[in-house]
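K.L.:
Got a predicted structure here, sequence first:
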There are 4 protein chains.
Amino acid sequence: MIIVMKSGAVKKDREEVLKRVRELGYQPHVIHGATRDVIGAVGDERGKTVLQSIESMHGVESVVPILQPYKLASKEVKKETSIIPITDTLSIGGKEIVVMAGPCSVESEEQIISSALAVKEAGAHVLRGGAFKPRTSPYSFQGLEEEGLKLLAKARDLTGLPIVTEVVNPETADLVAEYSDILQIGARNAQNFALLKKVGQLSRPVLLKRGMSMTIQEFLMSAEYILSEGNQKVILCERGIRTFETATRNTLDLSAIPVLKEKTHLPVIVDPSHGTGHYQYVAPMAYAAVASGADGLIIEVHPDPERASSDGPQSLKPKKFARMMAQLKLFAEAADRRL
Amino acid sequence: MIIVMKSGAVKKDREEVLKRVRELGYQPHVIHGATRDVIGAVGDERGKTVLQSIESMHGVESVVPILQPYKLASKEVKKETSIIPITDTLSIGGKEIVVMAGPCSVESEEQIISSALAVKEAGAHVLRGGAFKPRTSPYSFQGLEEEGLKLLAKARDLTGLPIVTEVVNPETADLVAEYSDILQIGARNAQNFALLKKVGQLSRPVLLKRGMSMTIQEFLMSAEYILSEGNQKVILCERGIRTFETATRNTLDLSAIPVLKEKTHLPVIVDPSHGTGHYQYVAPMAYAAVASGADGLIIEVHPDPERASSDGPQSLKPKKFARMMAQLKLFAEAADRRL
Amino acid sequence: MIIVMKSGAVKKDREEVLKRVRELGYQPHVIHGATRDVIGAVGDERGKTVLQSIESMHGVESVVPILQPYKLASKEVKKETSIIPITDTLSIGGKEIVVMAGPCSVESEEQIISSALAVKEAGAHVLRGGAFKPRTSPYSFQGLEEEGLKLLAKARDLTGLPIVTEVVNPETADLVAEYSDILQIGARNAQNFALLKKVGQLSRPVLLKRGMSMTIQEFLMSAEYILSEGNQKVILCERGIRTFETATRNTLDLSAIPVLKEKTHLPVIVDPSHGTGHYQYVAPMAYAAVASGADGLIIEVHPDPERASSDGPQSLKPKKFARMMAQLKLFAEAADRRL
Amino acid sequence: MIIVMKSGAVKKDREEVLKRVRELGYQPHVIHGATRDVIGAVGDERGKTVLQSIESMHGVESVVPILQPYKLASKEVKKETSIIPITDTLSIGGKEIVVMAGPCSVESEEQIISSALAVKEAGAHVLRGGAFKPRTSPYSFQGLEEEGLKLLAKARDLTGLPIVTEVVNPETADLVAEYSDILQIGARNAQNFALLKKVGQLSRPVLLKRGMSMTIQEFLMSAEYILSEGNQKVILCERGIRTFETATRNTLDLSAIPVLKEKTHLPVIVDPSHGTGHYQYVAPMAYAAVASGADGLIIEVHPDPERASSDGPQSLKPKKFARMMAQLKLFAEAADRRL
């Protein structure tokens, strides 16, 4: 870290800071400037946010961290993108663009089976569908819970598509892991550390969505929680951040893709359905996601969006989804990827 | 809700929408405009987000909700501010400005006892201190857990101050409720609905912090989760929202106070420590919070901020806290309140 | 507009509102709800923000606008994308992806000539370069002004590339228009209405950048200022919006592209250099921009970024730019466009 | 500045950076770390953003500025708050809280005179009123222009209140300065550098509003533009920033007050009318502004808000304004100020 002293700081202030830096196990270096001194504290900064407390000391203006606070998620540990195996024949992070598709919520056997058949037909690799639903309102449909998990499993048996579904509570995580192939952590739980630790102790791959107002650094810190518990199979998902713009439900931050590709070895997928909130913007943003370097997509498809229990406005009908998949193939090839 | 048709919508589109609105149990009213039609759907909108799905229909431009989606939290249910009892002699929401103070984390017996004595001496009403700590980094200090709860209880026995401490996991909520007088839900868990439901089933008052990127409406929906499970003792806490400004850790949204006072009967307190992130801005924002109509404050005080395990830079030393309390009294009186 | 009455509003309140709506020249329609009334005010809303003032009336909860406030920029006026002619052989908005490239600032004859030759060689269509520079600091390089314009003209003579350069003041707009082929309005002047009116009275095409915190609707209102003064040759440019994320200089809002394509006939280009602020993210975001439907790009290229007077960190070296152009061609084809 | 090298940087990279740092006239200091080196570049950073370009060099991870880029606006130049004289008997920045009040736009002689009389009666010190109006829509009322200035002057003659009014274009700045006592720069022009330079050359005090998405540092850089042209009479005005929250028109950032008070000697006032956008939130935020340390307020008051040409919903009626002034007095006293 770099400790910037105030221009009016006196020698005693500086001495106190140097003493404290050494107490904390760092080697300090002083740079004398024309108007103020700057002190570099060299050493491993990770896990030592305590250094930040020096900001409270007399004569200190600010403390600027230099190193990234994550470790297992960083490229310094592993240079190439991690390839996360999902089934014997499917993995994420390799040459293939992986598409997960399906309805927001599992609503009925007929609905999830017809969705599964339609997305498979169009070329999707994974079936999505929510059984436990985190809803903003306690009065909104909260999901079919275990019954929904069973219906997802039925759809998997019929189509061979692996399943991704959300886990919302440490208490039911084992249950969800029993039925599903990928555990999804939703945006609202992206800093629910109790839940992150729990899925970090399971063996299933985890699809971690970025929180609505999470910086990329915090996103990687949440991944670090899972990794540090032992589960190395983490897939990151950009799904839009909250900004002042209201034309879209969120602002899909596609520049996060090249930033993440630079900083981490974990694969990254994009959710253009939640990212935009309107079905008509989903296809262009799916193309853009692949062009920006994403390893996959997760897309809401519903056979009858007007009757969906949740997220109807952002769901594609199967026919539109199939059309999108056809054009997506061209963008995957331009990106030297496969679909 | 108001359904706005596209300017190019044809009669058939409109008929389909009217049919669907009636199916959902609403009485539609059409307003014919010069360039487009608008359809009003009159009826209770709460719990019926399904109406939103009409946005997927042909010829529909947008669906605009009219009613607030919360009910138990709203002023329509209860006109006066709810007065939440904490102990036999202390309650929040009445004429008295309630001040909660103490360290971010419980670190040791000596630290929490000396903090408790200091904040009591300065006039605080409640002792704060974290035993379970939600930290951005898995490598940061995670709290003393049950040991921390026991130390808090000891400090309460000694000083008589009731305790507020954070609960981070449904699994340990009963344990925390055993020791503490107020259960705090932190900003990162403000939409952890499993946790909200759990504390809604307990009888302890709940201090609900606003999420970092939560609208005021979503904040009230999270309160509604707790209220709808049966626990009516909810205290709201504004603690800053995330914006582009980096001079402060968050942007303390004090205008949320008069907005909340207009929309809900629940009492509202302010956390200027997390709101600003720097000790030198805490006192002015505490004064401003009371001037804007807040019912109380929660403030970080640490006997030795340079050695704090967390949040040192935003913690007041006991002497500064005492000086702040003295001037706060004048602002409380100007606001026709008591301290 | 839709006027939502308070649940406690009485008949007299409603009568006063109806009277006022009629005074303003609208035809009101009342929808009686279970808990409150809603009044629709049918009529042309544009230019009549006065209706908003009804929000001050007794018993009124809120006023919700329904129609878009822009007219000449809207798709209702013109269904197909406008094709803006730049030179006899170049236009923006057609099948061809138009690429504008060059240094942030014109620094010297050698620098602008070598930049122009390099970007032309790589396939760019327009040369960019700032002569009048709006800089955050008064102590930063402010541009070569008229001397810079002359150097740009020299580069045009040599390469045949038309020129885009920024205009920062109504007083110097005519001078800039004399030398340049496209007038750029920068993000910081996107709501400098005096400047917008001035360029609206000139005949040169205008490249209008989105302001840092401008909604898409406000962006189109700024375009409307130019259009309503008579200049129909407006090109929109998404260049990133301000959010909490600090890994990139701005957050490039690519979802604005499909939104704008739905709402306006004006062509839209993207600036991935300012959008990201780091050269290594420019190429992926350029590909993504074309995939999302953009009509062109504007990119910073500098022969020696380490010595650039401004924006060095986000400038591509000519070799990297050439490599980007080669791969961009593949994405243009996938999007059924030409480069 | 601090230059952070990549962990994989080699000796040659470092040598190149050191060479370049010396070329730019700085004295470099290398701190060797376990995983990477850090280079401190000591010297006056102001006006030398060129250093930032080092970020383009091979082996460099990032460049972190240390010094504030403003100088004349900073506390290092002047420790006490500047007291800006407005008239012989009125100044801003001293013990007295200065209140500016009046309608958003000057609409007619009757309207401005009755407003002036009312705000004077209630204790305001300055009359506000817009003659040149920057409006988001070209179809909205654009102000009475010179006619409006004449009416303002008439109101001043009648009441003795000095006038603050907006200047929107360098071309008409002299005209506005002839009539008015304080020149207002609006939020949308806060980085219109041509306009800032122009008012910097005039002798009138300038009320500079913070831009909608301006950091506090950028705000001070805009003030620096005015100061560096020679006009030292700058009054800063916080008026709300743009965030995701829609319950208020903007989010009034009151924590900016103590931050500004720490960093600059310029006086700071607050605009709770634009900050909140709703009349019912104006009084609580005015109280909070004074409690947080503001030197004054600017408030919209209109005799008939329902008929206002602009900003009706956020305007106070004279009676409410008078009531607010009475209670404001108590908060001013609590803050050891005078009203």
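P.N.:
Yep, it's here.
K.L.:
alpha carbons only for contacts and neighbour counts from here, please
P.N.:
Will do.
K.L.:
of all of the stretch 151-300 of chain A, which residue lies closest to chain D?
P.N.:
Ranking the residues of the stretch 151-300 of chain A by distance to chain D (Cα to the nearest Cα) places A:Phe244 first, at 4.2 Å.
K.L.:
That residue contacts D:Arg249, doesn't it?
P.N.:
No: applying Cα atoms under 8 Å, one finds A:Phe244 not in contact with D:Arg249, separated by 11.0 Å.
K.L.:
Kindly give the local confidence score, pLDDT, for the closest residue to A:Phe193 other than its chain neighbours.
P.N.:
Sequence neighbours aside, B:Pro134 is the residue nearest to A:Phe193 in space, at 6.4 Å (criterion: Cα to Cα, 6 or more residues apart in numbering or on different chains). Looking at B:Pro134, its pLDDT is 88.
K.L.:
Can you report phi and psi for B:Pro134?
P.N.:
Backbone torsions of B:Pro134, given as degrees, to the nearest 10, read phi -80, psi 110.
K.L.:
how many other residues sit next to it?
P.N.:
23 (other Cα atoms under 10 Å in any protein chain shown).
K.L.:
Chain D versus that one, what's the distance?
P.N.:
25 Å (Cα to the nearest Cα, to the nearest Å).
K.L.:
hang on, isn't that residue packed against B:Gln142?
P.N.:
Yes: the pair B:Pro134 / B:Gln142 is scored as a contact, 6.8 Å apart, by Cα under 8 Å.
K.L.:
all strands in the stretch 51-200 of chain A, in order from the N-terminus.
P.N.:
Secondary structure of the stretch 51-200 of chain A (DSSP state E, counting those that start in this stretch): strands at A:60-64, A:84-85, A:91-92, A:98-102, A:126-128, A:163-166, A:182-185.
K.L.:
Make JSON lines out of those and add distance to chain C.
P.N.:
Formatted as JSON lines, the strands of the stretch 51-200 of chain A follow (distance: least, Cα to the nearest Cα, whole Å):
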{"stretch": "strand A:60-64", "distance to chain C": "14"}
{"stretch": "strand A:84-85", "distance to chain C": "23"}
{"stretch": "strand A:91-92", "distance to chain C": "20"}
{"stretch": "strand A:98-102", "distance to chain C": "17"}
{"stretch": "strand A:126-128", "distance to chain C": "23"}
{"stretch": "strand A:163-166", "distance to chain C": "26"}
{"stretch": "strand A:182-185", "distance to chain C": "21"}
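K.L.:
Just send the ones you listed back as CSV, with mean pLDDT, distance to chain B and mean neighbour count too.
P.N.:
Converted to CSV, the strands of the stretch 51-200 of chain A look like this (pLDDT from 0 to 100; distance: least, Cα to the nearest Cα, whole Å; neighbours: other Cα atoms under 10 Å in any protein chain shown):
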stretch, mean pLDDT, distance to chain B, mean neighbour count
strand A:60-64, 84, 10, 19
strand A:84-85, 98, 22, 17
strand A:91-92, 98, 25, 20
strand A:98-102, 98, 17, 27
strand A:126-128, 98, 19, 29
strand A:163-166, 98, 13, 26
strand A:182-185, 98, 11, 25
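K.L.:
Can I get the ones you listed in a markdown table including distance to C:Lys12?
P.N.:
Shown next, in a markdown table, are these (distance: least, Cα to Cα, whole Å):
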| stretch | distance to C:Lys12 |
| --- | --- |
| strand A:60-64 | 59 |
| strand A:84-85 | 67 |
| strand A:91-92 | 65 |
| strand A:98-102 | 52 |
| strand A:126-128 | 53 |
| strand A:163-166 | 52 |
| strand A:182-185 | 52 |
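K.L.:
And the pLDDT at A:Lys71?
P.N.:
89.
K.L.:
got the contact list for it?
P.N.:
Counting by Cα atoms under 8 Å, 6 or more residues apart in numbering or on different chains, A:Lys71 makes contact with A:77, A:224.
K.L.:
ok, now A:Ser7?
P.N.:
A:35-37.
K.L.:
same check, this time on A:Lys150
P.N.:
Taking Cα under 8 Å, 6+ apart as the test, what A:Lys150 contacts is A:Tyr179.
K.L.:
Does the residue of the stretch 151-300 of chain A closest to chain D fall in a helix, a strand, or a coil region?
P.N.:
Following DSSP: H, G, I helix; E, B strand; the rest coil, A:Phe244 is assigned to coil.
K.L.:
A:Arg22 too?
P.N.:
Assignment for A:Arg22 (three-state DSSP): helix.
K.L.:
what about it, how many neighbours?
P.N.:
12.
K.L.:
these two touch, right, it and A:Glu16?
P.N.:
No: look at A:Arg22 against A:Glu16 with Cα under 8 Å: they stay out of range, at 10.0 Å.
K.L.:
Check the contact lists of the two and give me the overlap.
P.N.:
By Cα under 8 Å, 6+ apart, no residue touches both A:Arg22 and A:Glu16.
K.L.:
shouldn't A:Lys329 be in contact with A:Arg338?
P.N.:
Yes: using Cα under 8 Å, A:Lys329 makes contact with A:Arg338 at a distance of 7.3 Å.
K.L.:
buried residues in the longest helix along chain A?
P.N.:
If you go by DSSP state H, chain A has its longest helix at helix A:318-334. Using 16 or more other Cα atoms under 10 Å in any protein chain shown as the burial criterion, the residues of helix A:318-334 that qualify are A:318, A:321-322, A:324-325, A:328-334.
K.L.:
so which of the residues you listed would you say is closest to chain B?
P.N.:
Closest to chain B, out of all of these and judged by Cα to the nearest Cα, is A:Pro318, at 13.7 Å.
K.L.:
Who are the contact partners of the residue in the stretch 201-339 of chain A positioned nearest to chain C?
P.N.:
Residue nearest to chain C within the stretch 201-339 of chain A: A:Ala288 (4.1 Å; Cα to the nearest Cα). Contact analysis of A:Ala288 by Cα under 8 Å, 6+ apart lists A:254, C:287-292.
K.L.:
Return the residues of the stretch 1-150 of chain A in contact with chain D.
P.N.:
The stretch 1-150 of chain A comes close to chain D at residues A:4, A:29, A:31-34, A:40, A:42-44, A:66, as judged by Cα under 8 Å from any Cα of the partner chain.
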